[in-house]
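Asker: Provide a 3D model corresponding to the input given below.
(chains A and B)
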Amino acid sequence: MTVTNTTPGISTITLSTLLRRWVVRQADSETEWVESQLNTLRQGASETTLHRFLGLAPRRLGREDLRLSVSDLKEAEQLRPDWDPKGWSLDGTARIAGLLAFQGPRPFPALFKDLVRTSDARELITLYRGLPLYPEPLVLTHEVGEGLRSNMRAVFESIAHFNPYPRDHFDDHRWNHMVLKALFVGSRLQPIVGLEQRANPELARILLDYAQERWAAGRDVSPELWHCVGPFAETVNAYEALSRALDGSPAERSAATLALVAADTSTARSLLADAPDTLQLVAAGRIDWNHLTQEEAA
Amino acid sequence: MFIDPHAHMVSRTTDDYEAMAAAGVVALVEPAFWVGQPRTFVGTYVDYLSSLVGWERFRAGQFGIRHYCTIGLNSKEANNEALAEGVMEWLPRFALKEGVVAIGEIGYDEQTPLEDKYFRAQLTLARELELPVMVHTPHRDKKRGTSRSMDVCEEMGLDPSWVVIDHNNEETVRETLDRGYWAGFSIYPSTKMGNARMVELLRQYGGERIIVDSACDWGISDCLGVAKTAQLALQSGIDADIVRKVTYENALEVYGKSGQMHAADWLDPPAIDQRTLYEGNSILRGGREPRVDSPAPRRRDNLIIE
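Answerer: I've put the predicted structure just below:
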């Protein structure tokens, strides 16, 4: 996986315009205010003007969820593949629209760094959710690292979940630690964009160690963990652990089955001989990584 | 349901958050203050303000308590002019952050010219940004310092109904109320106000514009000051409406003027907050009034650590 410094095929202006359209149509009585603010920011304004806009956005627009249609999502996908604006708020979208439109005295990375330094909790989440849309994404590495280190789970998840930035720009070390931290803080793995694409033997080894450490302490492990181990089951010798998971809860049994199917080795196949029922559900498409139990699938 | 409108949570443990939530505290206001020793860099002050609008807000939310704060340069540190000048440049940015309900706590400590200078500058900022003000009244030369604080607020053109004069006592309350200000009382052992005295004040003055807080911080103080005072007042026959006013409604009314604090924040939080920053308290949602005498399991009672 190569790490790139440009986000392919997008223009900051186009994205800003799209976000602006979504905000304006939901802004009700604040339509005029938000349009004139965004125009001012685009025409070149002081950073104080930007700070004021970022501060006033939730006050003026409220904090409702952004209303998005299927065609909106399709448009988003075309502009920035794998960017998922579901779960964005109205004020957050306005803030990112303003930030992308802003023509100020400093280059974007310096501006971003300064904004992160003084952010309130929801502002941080918003700024990190915007990562896939920013120009010069790689220059933001240090700030993104700070976000990942945050103890506020929602801030961590604003980078880790529904965000293609880590897949596109993290090296293996940072990627692996993000996945491991997700497990540590009780975050789901499935919303991580690129989980399969970025799987690697080092991560499989780290996660296998982690699972054994948890078991030794009498704690359970998230069945999602096996998703990253399966393809390297042979390399990291995960068969004993997978066979233990196979005897675990229904979700663990499903996860171990899926992992062994992905391993696709003779040892894996012989272990799967003990789980014909789950294997059948997998073959029938009734169990997958999004639906580890049939209740979820139903 | 209680609001503790003056609580320095950066100095408190998770045990305190648990106990406050169990006692019925649904929201609190954390004023920017002196942390026990002077900060000597503008940067440490900036990071402190950042923690009030970020990390501490999140931490409170994990216990089902809504966290608000006030932003300001406190009187002690106003005496370091280089620091004060630097901090003043950052204040406007923080004053517009989410959950900032006032400029505060500001006012006098030793009543020096520098304290006076920055008190006035921050009153001007509050007026410009249309934010309420939380005034810390001095421990020493209290009565004169309190009168002077109100004089200066009026000189700077503030509307008393936007200003909370905090840390009142029997000697200062009459003037504070007569001049139209909100009168805060910090139930703080030994130094400020005890809750039996507070009950007597409620008997005498009723509940109009009176606000009870704990001012709990790094010193020997009680984060259950508001809840305990409410219970003691009810047991002493103070009218339930008065108790509700001084331990909930009045704080919401004055700090709500900021537009940053609404009962819906804890009674009916927006979906985005429920997904991210606020672990709602299902007991409260069910409408049951929690009891102060059933605190959360405290560490000392529990031998097993898992």
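Asker: starting at the chain centroid, how far to the helix or strand encompassing residue B:87?
Answerer: For residue B:87, the host element (DSSP states H and E) is helix B:81-95. The offset between the C-alpha centroid of helix B:81-95 and the centroid of the whole chain comes to 21 Å, using C-alpha atoms, centre = their mean, to the nearest Å.
Asker: continuing past it, what's the next helix or strand?
Answerer: Reading on from helix B:81-95 to the C-terminus, the next helix or strand found by DSSP H and E is strand B:100-107.
Asker: Can you list the strands that that next one pairs with?
Answerer: When pairs are called by DSSP bridges, strand B:100-107 turns out to pair with strand B:66-71 (parallel), strand B:133-136 (parallel).
Asker: Now these in JSON lines, please, with extra columns for mean neighbour count and mean pLDDT.
Answerer: Any C-beta I mention is one placed from the backbone N, CA and C, and that applies to glycine too. Rendered in JSON lines, the data for those read as follows (neighbours: other C-beta atoms under 10 Å in any protein chain shown; pLDDT from 0 to 100):
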{"stretch": "strand B:66-71", "mean neighbour count": "27", "mean pLDDT": "98"}
{"stretch": "strand B:133-136", "mean neighbour count": "30", "mean pLDDT": "98"}
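Asker: In TSV, list those strands along with distance to residue B:244.
Answerer: Formatted as TSV, the entries for the strands paired with strand B:100-107 read as follows, by distance: least, C-beta to C-beta, whole Å:
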stretch	distance to residue B:244
strand B:66-71	18
strand B:133-136	21
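Asker: Look up the closest residue to the residue of the stretch 151-298 of chain A found nearest chain B, ignoring the ones flanking it.
Answerer: Closest approach between the stretch 151-298 of chain A and chain B, counting by C-beta to the nearest C-beta: residue A:154, at 3.7 Å. Using C-beta to C-beta, 6 or more residues apart in numbering or on different chains and skipping residues adjacent in sequence, the residue nearest residue A:154 is residue B:276, 3.7 Å away.
Asker: thought residue A:164 was touching residue A:191?
Answerer: No. Contact status for residue A:164 versus residue A:191: not in contact, 11.6 Å apart, counting by C-beta atoms under 8 Å.
Asker: what's the distance between residue B:60 and residue B:273?
Answerer: Relative to residue B:273, residue B:60 is positioned 12 Å away (C-beta to C-beta, to the nearest Å).
Asker: ok so residue B:36 is a strand residue?
Answerer: No. Looking at residue B:36 with DSSP: H, G, I helix; E, B strand; the rest coil, it is coil, so not inside a strand.
Asker: Per-residue pLDDT of it, please?
Answerer: As summarised for this prediction, residue B:36 has a pLDDT of 91.
Asker: Who has more neighbours out of residue B:60 and residue B:273?
Answerer: Under the criterion of other C-beta atoms under 10 Å in any protein chain shown, the comparison of residue B:60 against residue B:273 puts residue B:60 first, with 26 against 20.
Asker: quick one, phi/psi of that one?
Answerer: Dihedral angles phi and psi of residue B:60 (degrees, to the nearest 10) take the values phi -60, psi -40.
Asker: what's near enough to touch it?
Answerer: Listed by C-beta atoms under 8 Å, 6 or more residues apart in numbering or on different chains, the contact partners of residue B:60 are B:9, B:17, B:28, B:66, B:67.
Asker: Brilliant, that's me finished.
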